[in-house]
Each structure stands twice: as structure tokens, then as C-alpha cells.
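1. Model the structure of this input:
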Amino acid sequence: MLVKLKEALEGLFKAAAKGLYRVGLTANGATVLGLILAFISALTFFLGARNLPLTVGASALLLASGFFDAVDGALARISGGGTKLGSLLDSVLDRCGDGLVISAITLGYLDSVLLGLPMAFWGLTALFGSLLVSYVRAKGESLGVQTAGVGLAERPERILLIAVLGFLGLPELGVLLVAFASNFTAAHRLIHVALRLRS
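-> Numbering: from 1, shown residues only. Presented below is the predicted three-dimensional model:
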């Protein structure tokens, strides 16, 4: 969904990437920096649970992490094209970042009950769905079916859901929404791939 917005903002990301490239940042460096920011965000979400200033700070850090995830591809193109190693690093570290943030919020709000179910349930469901979204895309692409842009909750949407609700002091609701949206997206992508393979 937000892949379309990302494409529309490609010029902005490219300009930002050029500036970052001039100061010596590489695509892999941006990927690693994104993970570091995600880790600090996760730690702040955990330590600052129910503390609005810290939760707002954690949300800002999460958005910064998402920014570097968005520009690492542009940096790779500016520097002559990405590498297989860079692609691997990007995919793995993105999953690490997702897991850190969702786990930290889940643990920070472990005593919460949402829709009659404990926070642990929603956190695990959100992690499960987030991993499935990425797995179905990877498996679909290995079978020759593109799934980028298919579904409601790709990684940018998941980051935005948690960050926006984090700014409101409700990151646990962000995880709840990610739990629903990511599993719906995984199912949507699975159906999309299955239909393409049958045709």
C-alpha cells in the first residue's frame, strides 16, 4: 500500500540518499543504522512504557529507523547498484528490527488486556503475522510472482501504525492493529500468489 506512496516520494528519497552518500554513508551502513535506531526505539518503548515523553521519543526513533530503511535502496543505486549480500543484510536486519520493537512493546505492556486477551497473545500474533508477510513475499518472488504493494500492512504501514499510536501514548494498540493487519496481509498475499500460480 505505502509502496505506492514510496514510489511517489522517490525523488525525495533520492535527494536524501545523495546527501547521505556525499557524507560517506553506504547502503549497508544505512541498513545497520536503521537496526541500531530500531534497537534504541525498542529499548525506549520497554523502559518508557506508560511514560508519554519516552513513548513519543521511541516513536520518533522508530520513524527515523524507517527512514533509513527507505533510503538504503536509493543509496545502493547511487553507488552503482545493490549486491546480493546487501539484499540479504537488508531483509534479515529488517526482520530483527520488527521483532525487537514488537517484543519490547509486548513486554512493556505485558499486564495489559486488549479485547479480552492478554498482551502476550497480541504480541506473538503481530510477530507471527509480520514474519508471514515477508515470507510469503519471498516465496512468491522465488516462484516468479511479485507481491510488493499487495496487502494493507507492508513494513512501512506496520511502522507507521506503531509510531502514530506511540505518539498518542498507546503503542500497545499499535501492536494490536499490526496483529490484525499483518495476518490479513499475509493471507491476502497467499491468495494472490496462489491465484497467479493457478493461471
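
2. hey, let's count contacts and neighbours off CA atoms from now on
-> OK.

3. and the strand or helix carrying Leu89, average pLDDT?
-> Using DSSP states H and E, Leu89 sits in helix 84-108. Averaged over helix 84-108, pLDDT sits at 94.

4. How far off centre is the helix or strand following that helix?
-> Note on helix 84-108: by DSSP H and E, the next helix or strand toward the C-terminus is strand 113-114. Distance of strand 113-114 from the chain centroid (C-alpha atoms, centre = their mean, to the nearest Å) equals 23 Å.

5. Give me the contact list for the helix holding Leu89.
-> Contact partners of helix 84-108, identified using C-alpha atoms under 8 Å, 6 or more residues apart in numbering, comprise 27-28, 31-32, 34-35, 38-39, 41-43, 45-49, 69, 119-120, 122-123, 126-127, 130-131, 171-172, 175.

6. could you redo the last one with a cut-off of 7 Å?
-> Residues from elsewhere that reach helix 84-108, judged by C-alpha atoms under 7 Å, 6 or more residues apart in numbering: 28, 31, 35, 38-39, 41-43, 45-46, 49, 119-120, 123, 127, 171-172, 175.

7. Give me the pLDDT for Gly11.
-> 75.

8. so it sits in a strand?
-> No: according to DSSP: H, G, I helix; E, B strand; the rest coil, the state of Gly11 is helix, so it is not within a strand.

9. I'd like to know how far it sits from Val71.
-> According to C-alpha to C-alpha, to the nearest Å, Gly11 stands 11 Å off from Val71.
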